[in-house]
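[1] Let's see this in three dimensions:
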Amino acid sequence: MTEAFIVQREIQIAAPPATVFAFLTDPQKIISWMGLEAATEPHPGGLYFLKGLGSDRTRAARGAFREVVPVHRLAYSFGWEDSEEVPPGSSLIEIDLIDKDSGTLLRMTHSGLPTAEQCAAHDKGWAHYVGRLSLAAAGRDPGPDRGVTQSS
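    Numbers count the residues shown, from 1 in each chain. Okay, here's the model as predicted:
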């Protein structure tokens, strides 16, 4: 069966894989580029929780880690609390970190999205947040997160 609704992103980050991995798993580092509150238990079956994305400070995402290979790979389920279309745990985020060109090549796939509309919305969100992650992991301040603009 082919998966129709997938978001894929790839970005080169000027930081080693261990640093990027920390910005994906350490709650204090996560909130430097995404959200206001985070909780993680980075082991298979452990919690992934993020609250306060962008302009909607009450929105929360929840899932569970499925695969954790320190400094190389993360896979976790993902979904939005109070969402019928993308409920907690209904989609899958996979992130590979590849040591390349004195930095890290991040490859991200978000699969299991239910509609073209949800795929487009998550694609826009990932474009915004992967850029912020790249800045934060490289030691730069991405500034306050004002969320994804509707016009861009």
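
[2] and Gln12, bridged to which residues?
    Per DSSP bridges, residues listed as beta-bridge partners of Gln12: Leu105.

[3] Can you name the residues that contact it?
    Shown here is Gln12, whose contacts under the criterion Cβ atoms under 8 Å, 6 or more residues apart in numbering are Lys100, Asp101, Gly103, Thr104, Leu105, Leu106. Backbone N, C-alpha and C define where each C-beta goes, glycine included.

[4] Isn't the fifth one up against Ser134?
    Yep, that's Leu105 we're talking about. No: the pair Leu105 and Ser134 fails to qualify as a contact (Cβ atoms under 8 Å) at a distance of 11.2 Å.

[5] Now for those two: what residues contact both?
    Shared between the contact lists of Leu105 and Ser134 (criterion: Cβ under 8 Å, 6+ apart) are residues Ile11, Ile13.

[6] what's the burial count for Trp33?
    Burial of Trp33 is recorded as 21 neighbouring residues (other Cβ atoms under 10 Å).

[7] that's a helix at it, yeah?
    No: when the secondary structure is assigned by DSSP: H, G, I helix; E, B strand; the rest coil, Trp33 falls in coil instead of a helix.

[8] Please tell me how far it sits from Leu47.
    Computed as Cβ to Cβ, to the nearest Å, the Trp33 to Leu47 distance reads 19 Å.

[9] re earlier: now that we have the contacts of Gln12, which of them are buried?
    In the contacts of Gln12, burial by neighbour count holds for Gly103, Thr104, Leu105, Leu106, counting by 16 or more other Cβ atoms under 10 Å.

[10] which one of those is nearest Gly79?
    When those are compared for distance to Gly79 (Cβ to Cβ), Leu106 wins out at 21.7 Å.

[11] now the helices for the protein?
    Using DSSP state H, the helices of the chain run over 17-25, 27-30, 116-137.

[12] most tightly surrounded among the ones you listed?
    For those, the largest average neighbour count (mean count of other Cβ atoms under 10 Å) is found in helix 17-25, namely a mean of 21.

[13] elements contacting it?
    If you count contacts as 3 or more Cβ pairs under 8 Å, 6 or more residues apart in numbering; DSSP states H and E, helix 17-25 packs onto helix 27-30, strand 73-80, strand 91-100, strand 103-111, helix 116-137.
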